[in-house]
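*Asks:* below: sequence and its predicted model.
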Amino acid sequence: MLVLKISNAPEVVASKLGKFLEALTPDSFDQATIEDVLIKELIKNLAAEGLKGEVAAVKGLDLQDSKLVIEETLHVRRHQQF
């Protein structure tokens, strides 16, 4: 199992949409948008290599240093098989 943490979603959205629009969108929206785009591209590339599996965007799970932190509100925001 792999865990991937995106830590610069607001900056990516700002660079793509501009600082003004980034200021109007909440960080949680930025994070979800970046995760959705990443999942789409990840699935496309992994499937092209012949790999099969599942990808999930999970809210309430955090990677801090070398520890996995699980919050009480843990839930799967998006799940997709490929």
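*Replies:* On my side now, so go ahead. The structure displayed is predicted, hence computed values, not measured ones.

*Asks:* longest strand in this protein, please.
*Replies:* Ranked by residue count, the top strand of the chain under DSSP state E comes out as strand 67-81.

*Asks:* so what touches that strand?
*Replies:* With contact meaning Cβ atoms under 8 Å, 6 or more residues apart in numbering, strand 67-81 is reached by 3, 32, 35-36, 39, 43, 52-63. Using the backbone N, CA and C atoms, a C-beta is placed for each residue, glycine as well.

*Asks:* can you do 7 Å?
*Replies:* Residues from elsewhere that reach strand 67-81, judged by Cβ atoms under 7 Å, 6 or more residues apart in numbering: 3, 32, 36, 39, 43, 54-62.

*Asks:* how far out from the middle of the chain is that strand?
*Replies:* Centre-to-centre, strand 67-81 and its host chain are 11 Å apart (Cα atoms, centre = their mean, to the nearest Å).

*Asks:* again, but for stretch 53-66
*Replies:* Here stretch 53-66 is found 8 Å from its chain centre; the criterion is Cα atoms, centre = their mean.

*Asks:* just the ones of the contacts of strand 67-81 in strands?
*Replies:* Among the contacts of strand 67-81, the residues falling in strands (DSSP E) are 54-62.

*Asks:* just the buried residues from the residues you listed, in PyMOL please.
*Replies:* The PyMOL selection below is limited to those of the ones in strands among the contacts of strand 67-81 classed as buried (16 or more other Cβ atoms under 10 Å):
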select buried, resi 55+57+59+61
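
*Asks:* just give me the longest helix of the chain.
*Replies:* helix 27-48 (DSSP state H).

*Asks:* name the helices or strands packed onto that helix?
*Replies:* Helix 27-48 is packed against helix 9-17, strand 54-64, strand 67-81, with contacts defined by 3 or more Cβ pairs under 7 Å, 6 or more residues apart in numbering; DSSP states H and E.
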